[in-house]
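Enquirer: I'd like to go over a predicted model; first the sequence, then the structure.
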Amino acid sequence: MKTYFETKITYEKVDERTGKEKRVAETYLVDAITFGEAEARIVAEFAGYNIVVLTIKRANYTELRYSDNASKWFKCKVEFIAVNEERGIETKVAQYYLIQADNSENAIKEVHELFNSSISNYEIPQVVATPILEVYEYKNNEEYERRNSNN
């Protein structure tokens, strides 16, 4: 399972409206094993900019779903009913999915599409827009396997 980190950075960026530089804070999702690797990867992605890494936190996404025609990211909480066979108790188990969509309704449609062939009952109690602007995953399997072979 992949490990993702939300990284919040600040840097000088040219304002498209005024043409002047201004300091902005932006959030990106990075595929990495450790906090240190996440920091190194986000710094490398913004090479040439004078960035400051403000925060890095582990993200708990089970899966990411991309869309070619959307730029927003939504965190969708999906709850499943799990049955403890020994005790005969039903409990809700939550998982979080990061869905790229143009609005929350389309994010919900994507989740339904994801579980279309599933036999599990599920609910979507929460869909929240995130500040994530872009996701930096490993570009190819060789890079991903090299990363995993070091651990």
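Expert: Done, it's in. Quick caveat: nothing in here was measured; it's all calculated off a predicted structure.
Enquirer: going forward, measure contacts and count neighbours with C-alpha atoms only.
Expert: Noted.
Enquirer: show me where pLDDT drops low in the chain?
Expert: Within the chain, the segments meeting pLDDT under 70 span 140-151.
Enquirer: in it, which spans are strands?
Expert: Remark: strands assigned in the chain by DSSP state E are 4-14, 21-31, 52-59, 61-65, 72-84, 89-101, 122-129, 132-136.
Enquirer: any chance of those strands in JSON lines, plus mean neighbour count?
Expert: Shown next, in JSON lines, are the strands of the chain (neighbours: other Cα atoms under 10 Å):
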{"stretch": "strand 4-14", "mean neighbour count": "19"}
{"stretch": "strand 21-31", "mean neighbour count": "17"}
{"stretch": "strand 52-59", "mean neighbour count": "15"}
{"stretch": "strand 61-65", "mean neighbour count": "15"}
{"stretch": "strand 72-84", "mean neighbour count": "18"}
{"stretch": "strand 89-101", "mean neighbour count": "18"}
{"stretch": "strand 122-129", "mean neighbour count": "15"}
{"stretch": "strand 132-136", "mean neighbour count": "16"}
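Enquirer: And the ones you listed: which comes nearest Ala107?
Expert: strand 89-101 (5.4 Å; Cα to Cα).
Enquirer: other SSEs contacting that closest one?
Expert: Packing partners of strand 89-101 (3 or more Cα pairs under 8 Å, 6 or more residues apart in numbering; DSSP states H and E): strand 61-65, strand 72-84, helix 104-114.
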